[in-house]
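In: I'll drop the sequence and a predicted model, then ask my questions.
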Amino acid sequence: MRIIFSFLLVLTAFNEHAFAVADEEPTLPSQTIHSQLRIDVFAREPGSFTTRKVGVTPGTVNIPECTDRYFYLDGLNENNIEDYKKELHRLQICRIQLPVRMSDLQFRAYCESGLLSNVLALQIAWSNVSSSSSFVKAPVLRELSISGDTQQSLPSLDNLSSLEILNIGCPNLSSLPSLSKLSNLTELILIPCRKLETLPSLDSLTKLRVFELSNGSGLKSLPSFANLSSLERLVMSGINLSELPSLDKLPNLRYLVLAHISELTSVSVADSTKLATVILTGLPKLNDISKLSILRDLQTLMLRNCPNLSDIRPLAWLPNLIDISITESNKIRNFYPLAAAKKAKKLSISIPDNNLAFLQGMKELETLRLIRCPNLTDVNGLTKVKKLKKVGFEDCENITDADVAYLKKHLPNTIVYK
């Protein structure tokens, strides 16, 4: 189970595409703990993205049913390590956060004491643990989260061969240690790391399924993705590179986000991928999406704020599109390729004129959002899209209440709003 820490959580919403907590996420039963040491207890309740404090010892804490919980060892110091070590074992606590503003010497003392010997998930926040340290006596650690702008380097990760999830949110971090020994890593999250100039090799991460890199504006290059054969989800945002590593060797890639990459001009993927979702947003120089035409299994596509993109003809070769969003990309004039999206049920679009005829080819369309269409004045064509259940006009200044009333009359089973 993946732990989502409240102080590290980055919820990125791309327009209507937000990442949601799965309904079937497993829950932990309610629990009561009693301790004489200072321990802050945090829990994330079902359906929530963030954790909240549910109690603090000394004393008794009732922990509600939750999907994640962790224990902040607020009172831990060099003088009571053994007391906390015994308490973690007695309470069977395996998910902890070490004290904030922790010094390098304190970190070494905690590691060498064996405090982390049974810990599965560890958070380090607002500290400055140096690269001369290392994680020792943490043989079962599976999840590691490090955050805070005081952290400028990281200790060696070579001893963490069981690590599965690595989440780093350190904006002043200048370098990453080697990842070569993390052969069991399945998730690598780097958000934000704006002072990183390079990343270490990813070649040994053959089990990696999720890689998210955001606000890496200092990066001058990226390592090869050629060995990431298990990768399913790739998110890259806020980097200033004109070329990205080849995505041709990612046969299991299902979810791709490229956002706010100022110099990127084209997108290339292999025809062997299983890509179901592609989100391209905030790409001011993007002018070529021809390689997307091979993604016959693609179901969700977003093109947002791509002002230099004019040709969307490759979309005519994507027969399985269900959810399409093309907004704030003002050079696009010809939307007829979308008529080939016979299975599409949702469309969000910014159009420059009154030409809505292409919608008649979208026989299964149920939801239509017209966004920032200042020249749209004629809505008669919408009455020919018979399966519409909802039509919305957002920032369409020339659409009047009379237009809305007209559509409600001719599409009586459709919700119309502006």
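Out: Good, I have the coordinates.
In: what does the pLDDT read for Pro319?
Out: pLDDT for Pro319: 90.
In: surely Arg254 touches Ala276?
Out: Yes: assessed by Cβ atoms under 8 Å, Arg254 is found in contact with Ala276 at 5.0 Å. All C-beta spots, glycine's among them, are computed from the backbone N, C-alpha and C.
In: give me the element Lys408 is part of.
Out: Using DSSP states H and E, Lys408 sits in helix 401-410.
In: for the following helix or strand past that helix, buried residues please.
Out: Sequence-wise, the next helix or strand downstream of helix 401-410 (DSSP H and E) is strand 415-417. For strand 415-417, a neighbour-count test (16 or more other Cβ atoms under 10 Å) marks Val416 as buried.
In: tell me the strands beside strand 415-417, with direction?
Out: Sheet pairing of strand 415-417 (DSSP bridges) gives strand 390-394 (parallel).
In: the strand it pairs with to helix 401-410, inter-axis angle?
Out: Angle of strand 390-394 versus helix 401-410, following axes from the mean of the first three to the mean of the last three Cα atoms, to 10 degrees, is 170 degrees.
In: ok now stretch 276-288, how far from the chain's centre?
Out: Relative to its chain's centre, stretch 276-288 lies at 16 Å (Cα atoms, centre = their mean, to the nearest Å).
In: make residue 1 into 48 and carry on from there
Out: Done: numbering now begins at 48, and the last item shifts to stretch 323-335.
In: residues in contact with that stretch?
Out: By Cβ atoms under 8 Å, 6 or more residues apart in numbering, the surrounding residues in contact with stretch 323-335 are 61-62, 64, 301-314, 336, 339, 342, 344-358.
In: so for the helix holding Lys455, what gets flagged as buried?
Out: 450-451, 453-454.
In: which members of the contacts of stretch 323-335 occur in strands, if any?
Out: 61, 64, 302-306, 347-351 (DSSP state E).
In: so where do the strands sit in the stretch 98-247 of the chain?
Out: 99-110, 115-119, 142-144, 168-172, 190-194, 212-216, 234-237 (DSSP state E, counting those that start in this stretch).
In: of those strands, which approaches Asp250 most closely?
Out: strand 234-237 (13.2 Å; Cβ to Cβ).
In: what pairs with that closest one, parallel or antiparallel?
Out: strand 212-216 (parallel), strand 257-261 (parallel).
In: list the neighbouring strands of the lengthiest strand in the chain plus their orientation.
Out: Longest strand in the chain, counting residues (DSSP E): strand 78-91. Here strand 78-91 is paired, per DSSP bridges, with strand 99-110 (antiparallel), strand 115-119 (antiparallel).
In: let's have those in TSV, adding mean neighbour count, distance to Leu188 and mean pLDDT.
Out: Listed next are the strands paired with strand 78-91 as TSV, based on neighbours: other Cβ atoms under 10 Å; distance: least, Cβ to Cβ, whole Å; pLDDT from 0 to 100:
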stretch	mean neighbour count	distance to Leu188	mean pLDDT
strand 99-110	14	22	95
strand 115-119	21	14	93
